[in-house]
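Below are the sequence and a predicted model for it; my questions follow.
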Amino acid sequence: MSNIVIIPTYKESENIEALVRAILSQDIQFDILIIDDNSPDGTADIVKNLQHLFANLNIIERKGKLGLGTAYMTGFKWALEKGYDYIYEMDADFSHDPDDLVRLHNACSNGGADVAIGSRYISGVNVVNWPLSRVLMSYFASIYVRMVTGMKIMDTTAGFKCYKREVLENIRPYHIKSVGYGFQIEMKFTAWKLGYKIVEIPIIFTDRKLGSSKMTGGVFNEALWGVLGMKIRSWFIKYRRNGIRE
């Protein structure tokens, strides 16, 4: 069973080598696909140098900062074409612990999950080094999303996930409209509407120590307003396992 971890990057030169080495040192084999949006700090060059050491490290370079959602959609398409069984989303800044990849894998390979989410809120609030304002914004955003959508997922904006390939094949990512952080919500919502089993695995989320955050209040506001549009669009979509038809 093959695993691919997709990691979008923009200005992550301080983190990327250590992260790659940590992922590739796990007991389970994980391949890596970096999607770099023309980082001006040489992130892509670091990855390409590491490719001489690690044959299962891959990179796609894009011409500019094109958004989180489009980065993942590019990665999903590549991973499905290569035949991977389990496809992961992960941040590049060590806010997601590489050791937790094994727990996500086990939830899908042995635990019956179709989607496994590394959840900050399934067992309290497990966030380290975030200011209180950001914790509250994230936590109440998830409450809002649950109210609008009806999903029971506690961490609706989580970006640390494992998908079985069938889920992504049926979601067919080109139907996903969101491109920013709303993408994370819409992917979960679509998998839920298709009837897939979504399991939350408790993790401890630690804010980045190196580099700068890409999250802003404006990004979150865009995601929240997009939830209403997503819900309304869903009324006109027939969700089927063999594909979505609008």
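On my side now, so go ahead.

Okay, and the beta partners of residue 9?
Counting by DSSP bridges, residue 9 is bridged to residue 36.

what residues are up against it?
Contacts for residue 9 (CB atoms under 8 Å, 6 or more residues apart in numbering) come out as 16, 34-37, 39, 43-44, 47, 92. Bear in mind the C-beta positions are built from the backbone N, C-alpha and C, glycine included.

now do residue 89
With contact taken as CB under 8 Å, 6+ apart, residue 89 is in contact with 6, 72, 159-161, 163.

Among those residues, name the ones in helices.
residue 72 (DSSP state H).

Buried residues, stretch 201-209. List them.
By 16 or more other CB atoms under 10 Å, the buried positions in stretch 201-209 come out as 201-203, 205-208.

Please apply the same query to stretch 8-20.
Using 16+ other CB under 10 Å as the test for burial, stretch 8-20 gives 8-16, 19-20.

can those residues go into a markdown table with extra columns for distance to residue 111 and pLDDT?
Formatted as a markdown table, the buried residues of stretch 8-20 follow (distance: CB to CB, whole Å; pLDDT from 0 to 100):
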| residue | distance to residue 111 | pLDDT |
| --- | --- | --- |
| 8 | 27 | 96 |
| 9 | 30 | 96 |
| 10 | 33 | 94 |
| 11 | 36 | 94 |
| 12 | 31 | 95 |
| 13 | 36 | 96 |
| 14 | 34 | 94 |
| 15 | 29 | 94 |
| 16 | 30 | 97 |
| 19 | 25 | 97 |
| 20 | 27 | 98 |
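
any chance you could map the helices in this protein?
Using DSSP H, the helices found in the chain span residues 16-24, 43-50, 68-82, 100-109, 132-149, 165-171, 182-193, 217-234.

Just list the residues touching residue 54, thanks.
Contacts of residue 54 by CB under 8 Å, 6+ apart are 20, 24, 32.

shouldn't the last one be in contact with residue 4?
By that I understand residue 32. Yes - counting by CB atoms under 8 Å, residue 32 does reach residue 4; the two are 7.3 Å apart.

Distance to residue 183 for the contacts of residue 54 - can I get that in a markdown table?
Listed next are these as a markdown table, based on distance: CB to CB, whole Å:
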| residue | distance to residue 183 |
| --- | --- |
| 20 | 24 |
| 24 | 26 |
| 32 | 20 |
